[in-house]
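Trainee: model this:
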Amino acid sequence: DIILFFQWSFFDQITFIRFIYQCLRSVCLIMTSSVATRKIPKFRYLSAWFCPFAHRATLALEHHAGRVEYEWVEALGWEQRRDENNVTGTGQEWWYHWKADELKRANPSALVPTLIPVDPTSGKSDDTKAVFESLVTIDFIDRISGATGIDRLVPEDPYDAARCQIWAEKVNRDCCSPYYGVLVRKDENERMEHFEKLIKGLKSFSLELQKTPGALFLADGQVSSVDYSLFPWAYRYYVFEHYRGPQYVIAKDDPDLSPYHEWFNYMVSLDSVCRTLPDKDDYLEHIGKYADSSARSKVANAVRRGVAAHELDDEKDEY
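Mentor: Reported below is the predicted structural model:
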């Protein structure tokens, strides 16, 4: 009670103030010590430069640079096997993924991204604690980074966190998976059907962007898991015109897509994003394997089988 405080003697008041000061000082020292002794988590990051799914994890890792450390390991690539049985009828076999042994050990699906924790004391990695699935890795990296406030990719507020989870899954389903349908499917009507679904997804995303001030999904310039879930594909949409023609260009004069374009321009202006971008010409050459249907990856096989990319099955789509 403040009235009782002023009824104390001057000596008692000084003694009480000193006590409070010492308590606060002790709390500050404990907090400072905790921050100073916190060991930065480190990972072996099994990735592939061309993969948009892995790009999601790369974005999260670079967003939290200084809070999380990683060693990039190129663990997935392409090989063209000898066509000894004339499988293709062209004299050349399909393109298949080669996979590093470490990736096959750490991840049952042998897909990137895969994060393997490294013990900060011994320097040894533990693939029994591997974390994978691209949307999961964004959330995991964000949690383990120790970031707070506006630096978080998944907000601390439960409502905003739920909204991010809903929309990360929605853009994955409606704006990312159709990308492969445009490239892999051979029938022109089917390609356009996938493209129209993608545009519908982007328009829905545009409407949601308008619910908060600023260009990003969250307010106050806070980059979120939703932004990083969509961006790797948004950056790659340019391949449509090259492989499928001008009718597959995402219109910039459509007012319903204006928020999307504003969002994209903001994202590519971020230094943490720019550090992650693959060379456009190199990627255009890579994705040609999907456009001419010579790629035999799990994603391509799933789309070829007639399901969405996010519905791939490890057994049915193996190669």
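Trainee: so where do the strands sit in the stretch 51-200 of the chain?
Mentor: Secondary structure of the stretch 51-200 of the chain by DSSP state E, counting those that start in this stretch: the strands cover 69-74, 76-80, 95-99, 114-118, 131-132.
Trainee: for the third one, which positions count as buried?
Mentor: Neighbour counts over strand 95-99 (16 or more other C-beta atoms under 10 Å) mark Trp95, Tyr96, His97, Lys99 as buried. The way it works is simple: take the backbone N, C-alpha and C, and place the C-beta from them, glycine included.
Trainee: and which of these is nearest Ala309?
Mentor: Distances from the buried residues of strand 95-99 to Ala309 were compared by C-beta to C-beta; the smallest belongs to His97, at 14.7 Å.
Trainee: re earlier: kindly compare burial across the strands of the stretch 51-200 of the chain and name the winner.
Mentor: Looking across the strands of the stretch 51-200 of the chain with neighbours counted as mean count of other C-beta atoms under 10 Å, the highest average goes to strand 114-118: a mean of 24.
Trainee: what's the spacing between the residue nearest in space to the middle of the chain and Tyr70?
Mentor: Central residue check for the chain by C-alpha atoms, centre = their mean: the C-alpha nearest the mean position is that of Arg56, 2.0 Å away. For Arg56, the distance to Tyr70 equals 14 Å [C-beta to C-beta, to the nearest Å].
Trainee: Tell me where the protein is predicted with low confidence.
Mentor: Across the chain, the ranges flagged by pLDDT under 70 are 1-37, 86-92.
Trainee: For it, just list every one of the helices.
Mentor: Taking DSSP state H to define them, one finds helices in the chain at 2-7, 10-37, 52-63, 101-106, 134-145, 158-171, 177-184, 188-209, 225-234, 239-244, 258-267, 271-274, 280-291, 298-305.
Trainee: Reformat those helices as TSV; add distance to Asp119.
Mentor: As requested, the helices of the chain are arranged in TSV below (distance: least, C-beta to C-beta, whole Å):
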stretch	distance to Asp119
helix 2-7	52
helix 10-37	16
helix 52-63	19
helix 101-106	15
helix 134-145	14
helix 158-171	30
helix 177-184	37
helix 188-209	40
helix 225-234	27
helix 239-244	40
helix 258-267	35
helix 271-274	27
helix 280-291	35
helix 298-305	31
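Trainee: looking at the strands of the stretch 51-200 of the chain, which is closest to Ile166?
Mentor: Proximity of these to Ile166 was assessed by C-beta to C-beta; the nearest stretch is strand 131-132, lying at 21.6 Å.
Trainee: Parallel or antiparallel, which strands does that closest one pair with?
Mentor: The strands that strand 131-132 pairs with in its sheet are strand 114-118 (antiparallel) (by DSSP bridges).
Trainee: could you check the angle strand 69-74 makes with the partner strand?
Mentor: Orientation note: strand 114-118 sits at an angle of 130 degrees relative to strand 69-74 (axes from the mean of the first three to the mean of the last three C-alpha atoms, to 10 degrees).
Trainee: Now for the residue nearest to the centre of the chain: which residues touch it?
Mentor: Pro113, Ser134, Leu135, Thr137, Ile138, Tyr228, Ser229, Pro232 (C-beta atoms under 8 Å, 6 or more residues apart in numbering).
Trainee: ditto for Trp167
Mentor: Phe205, Glu208, Phe217, Val226, Ser229.
Trainee: Spatially, which two of those residues are the most separated?
Mentor: Using C-beta to C-beta, the pair of the contacts of Trp167 lying farthest apart is Glu208 and Ser229, separated by 12.8 Å.
Trainee: the more surrounded of those two?
Mentor: When neighbours are counted by other C-beta atoms under 10 Å, Glu208 and Ser229 differ, and Ser229 comes out ahead with 25 against 17.
Trainee: Check the gap between the residue lying closest to that one once chain neighbours are set aside and Leu230 for me.
Mentor: What sits nearest to Ser229 in space, not counting adjacent residues and going by C-beta to C-beta, 6 or more residues apart in numbering, is Ala168, at 4.3 Å. Remark: distance between Ala168 and Leu230 (C-beta to C-beta) = 8 Å.
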